[in-house]
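A.B. asks: requesting a structural model of the entry that follows:
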Amino acid sequence: MKKTFLIGIPIRDFDNPMSRLSNLISKEKRVDLSKNLIINLESVFSDTKTDIYVVSNNNAVKSFCNINNVNVFKTDQHGLNEEIEYFLSMNENYKNWTIVHGDLPYITKHYARIWMNLCESEDIVIAASKDNGTPIFGGSKMYNNFLYGKDSFIKHTDILKKENTSYKRVFHKEFNFEIDDEKDYLDFIKHKPRWYKKIIY
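C.D. replies: Numbers count the residues shown, from 1 in each chain. The predicted structure follows:
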């Protein structure tokens, strides 16, 4: 069966992930958390119609993914925006697409299906994090002008408006809560998702 839905999870490296949490948890635990977040996202988005790739040029990330049977897309580009743009440009034969950041802890299979259904029915679907980042972005219309970084949600939606591209913003916590700073982590620990409760430290 030909897959119709492309999902990319950009991961830079495991050198010092979630550095803002360094006062709360060790590097080892931050690396472990990052890896388990990837495994959870790959699991919840797995479907008969999805092809899922971790997008990374880092050898340690590639090795981890290979061990865990997660597809890796390695580019010749440098920088998140360039890597994502190349990833999508090389995979234009899919009907739908999504780029999801690797620090979203609350997406379950149920919410992954909600997201995919929205992407199949809307031109563009997008969420904003608390600091106006873009934790998840997708749709049925190809888009390839990524501006990840400070206020990326505002920048992305400004471009969509200028291009007269319709978009739907989603407000579910599952799509906008990232483990980004100490407050996020403490909230996450208070409300542990099921996949995290299974991890024994």
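A.B. asks: which residues in this protein form helices?
C.D. replies: For the chain, the helices defined by DSSP state H occupy 27-45, 59-67, 80-89, 109-121, 152-162, 173-176, 182-190, 194-197.
A.B. asks: now the ones you listed in a markdown table, with mean pLDDT?
C.D. replies: Below are the helices of the chain laid out as a markdown table (pLDDT from 0 to 100):
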| stretch | mean pLDDT |
| --- | --- |
| helix 27-45 | 96 |
| helix 59-67 | 96 |
| helix 80-89 | 96 |
| helix 109-121 | 98 |
| helix 152-162 | 97 |
| helix 173-176 | 97 |
| helix 182-190 | 96 |
| helix 194-197 | 91 |
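A.B. asks: which one of those lies nearest to residue 5?
C.D. replies: helix 109-121 (6.2 Å; Cβ to Cβ). Glycine gets a C-beta too; all of them are placed from N, C-alpha and C.
A.B. asks: mean neighbour count and distance to residue 139 added to the helices of the chain, as a markdown table?
C.D. replies: Formatted as a markdown table, the helices of the chain follow (neighbours: other Cβ atoms under 10 Å; distance: least, Cβ to Cβ, whole Å):
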| stretch | mean neighbour count | distance to residue 139 |
| --- | --- | --- |
| helix 27-45 | 18 | 15 |
| helix 59-67 | 15 | 25 |
| helix 80-89 | 17 | 11 |
| helix 109-121 | 17 | 5 |
| helix 152-162 | 16 | 10 |
| helix 173-176 | 19 | 14 |
| helix 182-190 | 14 | 26 |
| helix 194-197 | 12 | 26 |
